[in-house]
Structure formats: C-alpha cells, structure tokens
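**Q** Predicted model, plus sequence, below.
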Amino acid sequence: MAPSATAAHLIGGDISYTCLGNNVYTVKLRMYRDCAGGGAAFDNFTQVAIYDINSTLIRTLSMARGPITSVSNRFQADPCITVPPALCVEFSEYEDTVTLPPISGGYLLVHQRCCRNANISNVTNPGSIGNTYSISIPDMDTTCNNSAQFNGDIELISCVGFPIDIPVSITETDGDSISYQLCQIFEGGGNAGGGGTGNCAAVIPQPPCPPPYQAVTFQAPATFLNPIPSNPPFKIDSISGLLTGVPTVPGNYVLGICVTEWRNGQRLSTTRLDYQLAVTTCVKSVISDMVTQLENPQVNCNGLTLEFESESVNAT
C-alpha cells in the first residue's frame with residue numbers, strides 16, 4: 001500500500017496492549033499529528049511488527065485507522081488568556097488482536113514511520129527523521145499482563161512564562177506499581193526512496209525493523225532529561241506523573257515520557273510516549289490593574305480615603 005506524502009507532520013505516539021485472556025492481546029497504536037502545518041494526513045493502514053528476544057520476526061499486524069480526534073488545550077477554555085489560533089493537534093488509533101503464547105524473553109511490538117514535524121526546536125534535523133514506537137510483553141507472560149496506557153487527553157500546548165502543571169493521565173488495570181520518568185526517544189524510518197517502503201531508511205519501513213534503534217539526537221544544550229528551556233527546570237514527578245516547570249523560550253519541543261509497571265519488585269513493561277509540547281507566546285486578555293502613586297504622584301490620600309483609577313481590561 002502506498003504511503004501518504006512524506007511531508008513532516010508526526011508529533012508523537014505510543015504503543016500499548018490489553019490482554020483478553022487465553023494469550024490473546026489487543027494491540028493499540030496511537031499517533032499524534034500537527035494538523036496546522038500542511039503535513040500528510042494519517043495513513044489509512046499501518047503496521048506493527050512483533051519480534052522475539054532474538055529479533056526474529058514473529059508476525060506483522062496490518063491495522064486500520066480509527067476515528068480522528070482533535071486535542072483541546074486547557075487555555076482554550078480560559079477567558080483570561082488568548083492562544084495563537086494556528087495550533088492544531090489530532091490523534092488517531094490503530095488496533096488489532098493477536099494470539100501470542102508465552103515465550104522465553106517475551107515479545108517486542110514495534111511501529112516505525114517518518115517524518116517528524118520539521119519545526120521542532122530541540123532536535124537535530126527533525127524533518128528528516130522519523131519515530132520508533134515500541135513496547136515489550138514480558139518474559140513468559142502467564143499472568144496475562146495489561147500494559148499501562150496513556151490517555152489521549154494529555155496537554156500538548158503551554159505558554160511562555162506560565163507554569164506547566166500537567167498531569168500525565170494513564171490507565172493501569174492490574175494494580176501494579178507505576179513509576180514515571182523522562183526517557184530517551186528513538187528515530188525510525190527516513191527519507192530514503194522518497195515515498196517508498198521496505199528498508200529501515202524508508203518513509204514507512206515494512207515491516208518495521210528490529211532493534212537496536214538510534215536514539216534521537218537533541219540539540220545542545222537540550223537533552224532527553226532536560227528537553228525544554230524552563231526556570232525552574234522542567235521535570236516529571238516519579239510517583240504522581242505531574243509535569244512541572246515554567247517555559248522560557250517559545251518553540252516545539254519533543255520529549256519522552258516512560259511509564260513503567262512493577263510487580264513484586266520486578267519490572268514488567270514500559271510504555272513510552274514520544275511527545276511534543278508546543279510552547280507559545282500567549283496574551284493575557286484580561287488584566288486587573290490600577291493607577292498607583294508611583295505612576296501618578298497626584299494620587300494622594302485624603303484622610304483615610306483614597307480614590308483609585310481602574311486600568312483593568314476586558315473585565316467587569
């Protein structure tokens with residue numbers, strides 16, 4: 001199947017799975033795109049490859065695209081802040097069901113696609129590299145594990161000078177312990193052969209290639225642990241999953257958020273979100289202000305009475 005145009009447009013995604021019992025898993029791939037940048041639309045069909053511990057291809061899933069959902073942001077409902085209108089994010093999900101009996105070393109599920117959004121600020125040559133989304137099913141998974149799943153409503157827009165206070169919302173149905181980290185993200189696919197498919201440098205490698213994978217090269221001074229200019233520094237709480245910081249420079253910044261499941265002290269699986277946060281210059285459209293004595297020396301007290309002149313804007 002011919003891929004969509006090669007224009008850069010992808011801004012993130014992840015893979016997760018749900019065990020239905022009897023070694024049957026539903027595999028879900030979620031992908032985000034920039035719908036304001038003129039990039040390619042979502043592919044109607046895409047592939048997820050399944051490898052064993054020796055990187056032997058077990059099976060390739062061909063998955064149809066589901067509905068397209070627009071991602072809102074918290075500032076759209078805030079009457080005090082005006083966000084630039086040319087910000088648009090959508091996501092869509094691809095699902096399929098597969099039977100995977102327990103095996104030594106477990107399975108690796110992989111999707112690869114080029115290309116990333118070309119105007120990413122903290123990555124070298126972003127428009128010519130793609131994405132690798134992967135997740136593991138544990139070694140000898142006889143307990144029918146369900147991976148942690150990111151919910152689709154994660155915040156994708158923030159404002160310069162405004163505190164980030166973004167909870168990373170997940171679903172975890174097994175009652176396992178969860179930890180959150182900023183983590184490395186990986187390249188996948190490329191511009192080789194124009195819109196062709198096949199090899200690992202193609203726009204859409206078919207099938208997606210086995211490991212090892214090339215980590216994304218961050219533009220100094222950014223790193224995967226410090227991906228966004230922020231004061232105080234950008235970080236994620238390892239227990240609550242709360243992203244915090246105060247961005248200082250506008251731009252589009254990619255980062256990796258990993259959610260790891262733990263059971264009886266053993267790591268089961270890590271769900272990795274390849275994620276882009278747009279930091280923009282927002283306008284305070286409601287301002288509460290008044291003329292002070294520093295601005296107008298004629299403003300003086302008359303006994304215990306002082307008259308203030310309001311300079312508030314867009315408020316009642």
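**A** Everything's here; your move. What you see is a predicted model, and the numbers here were worked out from it, not measured in a lab.

**Q** Val254 and Ile120 touch, don't they?
**A** Yes - the criterion here is Cβ atoms under 8 Å, and Val254 meets it with Ile120 at 5.5 Å. All C-beta atoms are positioned from the backbone trio N, CA, C, and that covers glycine.

**Q** The two: which has the busier surroundings?
**A** Val254 (25 against 21; other Cβ atoms under 10 Å).

**Q** excluding its backbone neighbours, what's nearest the more buried one?
**A** Leaving aside its chain neighbours, Val254 sits nearest to Gln276 (4.9 Å; criterion: Cβ to Cβ, 6 or more residues apart in numbering).

**Q** give me the element that neighbour is part of.
**A** Under the criterion of DSSP states H and E, Gln276 resides in strand 266-280.

**Q** Pull out the buried residues from that strand.
**A** Residues of strand 266-280 classed as buried by neighbour count (16 or more other Cβ atoms under 10 Å): 268-280.

**Q** which neighbours does it have in its sheet, and in what orientation?
**A** Here strand 266-280 is paired, per DSSP bridges, with strand 10-21 (antiparallel), strand 157-159 (parallel), strand 251-263 (antiparallel).

**Q** mean pLDDT for those strands: which is lowest?
**A** Looking at the strands paired with strand 266-280, the lowest mean pLDDT belongs to strand 157-159 (a mean of 86).

**Q** Glu187 touches Tyr133, doesn't it?
**A** No - with contact defined as Cβ under 8 Å, Glu187 does not reach Tyr133; the gap is 11.5 Å.

**Q** The two: which is more packed in?
**A** Tyr133 (26 against 22).

**Q** Quick one: end-to-end distance for stretch 224-241.
**A** 16 Å (Cα to Cα, to the nearest Å).

**Q** Show residues contacting it.
**A** 122, 164, 167-170, 178-185, 215-216, 218, 222, 242-249, 251, 253-257, 259, 277, 279 (Cβ atoms under 8 Å, 6 or more residues apart in numbering).

**Q** Just the buried residues of those residues.
**A** Taking 16+ other Cβ under 10 Å as the criterion, what is buried in the contacts of stretch 224-241 is 122, 164, 168, 170, 178, 180-185, 216, 218, 222, 243-247, 251, 253-257, 259, 277, 279.

**Q** Show me the beta-bridge partners of the closest residue to Val279 other than its chain neighbours.
**A** Nearest residue to Val279, sequence neighbours excluded (Cβ to Cβ, 6+ apart): Pro247, at 4.3 Å. Beta-bridge pairing for Pro247 (DSSP bridges): Ser230.
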